[in-house]
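Q: give me the fold of what follows.
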Amino acid sequence: MLEELNRALEHVERHLDREVDVAEAARIAMTSEYHFRRLFSALAGMPLSVYVRRRRMTLAGAEVLAGERTLLDIAVRYGYGSGEAFARAFRSVHGVGPGEVRRTGAVLTSQPRMSFRVVVEGSSTMRYRIVEKDAFRIVGRKARIPLVHQGVNAAAAAHVENLGEQAIVRMKALSDRDPEGILTAVEHLSDSREEGAEVDYWIGVATGPGAMAEDLGTALDVLDVPAGTWAVFDNRGPYPSALQELWRDVFTQWFPSNPYASRPGPELLKTQPVEIGAETGAQLWVPVERVTGERA
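A: Modelled structure (predicted):
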């Protein structure tokens, strides 16, 4: 799949001076637009939209310095309808406006062209199974937190600390299907998986689609999850680094090597929290769909 992804990036590169047809790029990558955006974000560490803007402003910066076109001509060339919109985008990447760059020759920021390749390191295997799951409901407590790729997520830890004992007891009583017991669920609010992107973070349990979520007048949050296919990964290692590495490896190694694409839905994690650095087992559930056609 990496070859197809690189061809899709070549398509993006050829269309930086016009509207980038992401659906066409996804077709070249032989996947859905949704999966293409999420896979790119996981591999590149930034959303596709950010990469496109940075590449455009890299090329635009060279033209601003060259002085052969007016700033408005350059703005129109890269898809901006006004000099003000172009200046905002330019400043967001370079930290300085195009007019000042032309006057003073200020230092600019360059976003190199990106390509993906396979790096062979210590050979490791990933244990997984595919599960068809009926519709279910997650009942628990939700918080909006930023993604943290390495180390302890302070916002997630604070959310766990704020759970009352009564809520935990009630949630445990509602758990009646796999994955059993208290679990966490991450619902991505955008295609971005870069550090700091906001997600909805749940502490809860999986239960029936009609389960009630009230306990002595205190309502728990509810997330209805439709029926679908899940890839389930078993993992063991130091907490939380092994879990963060598992999440990374699923999107950067497993998806490019298997005939599945991610689909909308929460990613579920069942684990037993322990002291930082201590070993623990975990189970990660990722919503997937089988890719049909040439990759199947």
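
Q: and the longest helix for the protein?
A: helix 48-66 (DSSP state H).

Q: other SSEs contacting it?
A: helix 2-14, helix 33-44, helix 71-77, helix 83-94, helix 98-104 (3 or more C-beta pairs under 8 Å, 6 or more residues apart in numbering; DSSP states H and E). All C-beta atoms are positioned from the backbone trio N, CA, C, and that covers glycine.

Q: just put the ones you listed in TSV and tack on mean pLDDT and mean neighbour count.
A: Below are these laid out as TSV (pLDDT from 0 to 100; neighbours: other C-beta atoms under 10 Å):
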stretch	mean pLDDT	mean neighbour count
helix 2-14	89	17
helix 33-44	84	21
helix 71-77	91	17
helix 83-94	91	18
helix 98-104	87	15
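
Q: can you state the direction angle for the longest helix of the chain and helix 83-94?
A: 100 degrees (axes from the mean of the first three to the mean of the last three C-alpha atoms, to 10 degrees).

Q: so which bits of helix 48-66 are buried?
A: Buried residues in helix 48-66, defined by neighbour count with 16 or more other C-beta atoms under 10 Å: 48-61, 63-64.

Q: what is the nearest of these to Gln150?
A: Set against Gln150, the nearest of these by C-beta to C-beta is Val50 (20.1 Å).

Q: pLDDT weak spots in this structure?
A: Scanning the chain for pLDDT under 70 picks out the ranges 1, 117-126, 211-218, 273-274, 292-296.

Q: in space, what's closest to Asp176 - neighbours in sequence excluded?
A: Thr207 (5.4 Å; C-beta to C-beta, 6 or more residues apart in numbering).

Q: bridged to the one you found, which residues?
A: Thr207 has these beta-bridge partners by DSSP bridges: Arg137.

Q: kindly report the same for Ala185.
A: Bridge pairing for Ala185 - DSSP bridges - gives Trp202, Leu268.

Q: wait, it sits on Leu284?
A: No. Counting by C-beta atoms under 8 Å, Ala185 does not reach Leu284; the two are 11.1 Å apart.
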